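In: could you work out the structure for the sequence below:
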Amino acid sequence: MYAIIVDGGRQYRVEPGMELDLDYREIQSGENITLAKVLCVGGEEGLTLGTPTVEGTVVTASVLGPKQGEKIYVQKFRRRKHSKKRTGHRPLYTRVRIESIGAA
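Out: Numbers count the residues shown, from 1 in each chain. Okay, the predicted model is just below:
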């Protein structure tokens, strides 16, 4: 069984037992969160599409903790001005494990 969910403006294809990096949230490790924006659910009985979401279906996930992402470099360059600037950024994510896909 799998589901396609929306979180933070991005869509993810998730299955039970899968680990996923979502946008950072102030949540303690070990807590459970519910992701209610489920676009479709697929399994052995077929595919259920939502209009726009599947009503009554939620994905529950347990929080594993925060995770820091890879470094992203930003370079600014102005030609003929002798101006160059390079900065870096490491975004924070919340690592979750998908527990179940089912009814609310």
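In: make it CA atoms for all contacts and neighbour counts henceforth
Out: Will do.
In: and the gap between P16 and Q28?
Out: Separation of P16 from Q28 (CA to CA, to the nearest Å): 21 Å.
In: out of those two, which sits in the busier spot?
Out: For P16 versus Q28, the count of surrounding residues by other CA atoms under 10 Å is larger for P16: 16 against 13.
In: what about stretch 51-62, how long is it end to end?
Out: 27 Å.
In: sorry, that was for stretch 41-58
Out: 10 Å.
In: sec struct for the most centrally placed residue in the chain, please.
Out: In the chain, the residue lying closest to the centroid (CA atoms, centre = their mean) is L22, at 3.2 Å. Assigned by DSSP: H, G, I helix; E, B strand; the rest coil, the conformation of L22 is strand.
In: do the same with the one 5 residues further on
Out: For I27, the secondary-structure state derived from three-state DSSP is coil.
In: which one in the chain is furthest away from the centre?
Out: Most remote from the centre of the chain, using CA atoms, centre = their mean: R80, at 41.9 Å.
In: V14: how many residues sit nearby?
Out: The burial count for V14: 20, using other CA under 10 Å.
In: what's the separation between it and R86?
Out: Relative to R86, and taking CA to CA, V14 is found at 36 Å.
In: ditto for R13
Out: Distance from R13 to R86, by CA to CA: 35 Å.
In: so for these two, which sits in the more crowded spot?
Out: Between R13 and R86, R13 has the larger neighbour count (other CA under 10 Å), namely 15 against 9.
In: hmm, V6 and that one touching each other?
Out: No: the criterion here is CA atoms under 8 Å, and R13 misses it with V6 at 9.2 Å.
In: that older thread, which phi and psi does the residue farthest from the centre of the chain have?
Out: Torsion angles at R80 (phi, psi; degrees, to the nearest 10) stand at phi 60, psi 20.
In: confidence score at it?
Out: Looking at R80, its pLDDT is 95.
In: give the buried residues for the helix or strand containing V6.
Out: For V6, the host element (DSSP states H and E) is strand 2-7. Residues of strand 2-7 classed as buried: Y2, A3, I4, I5 (neighbour count, 16 or more other CA atoms under 10 Å).
In: also stretch 60-74?
Out: T60, A61, S62, V63, L64, G65, P66.
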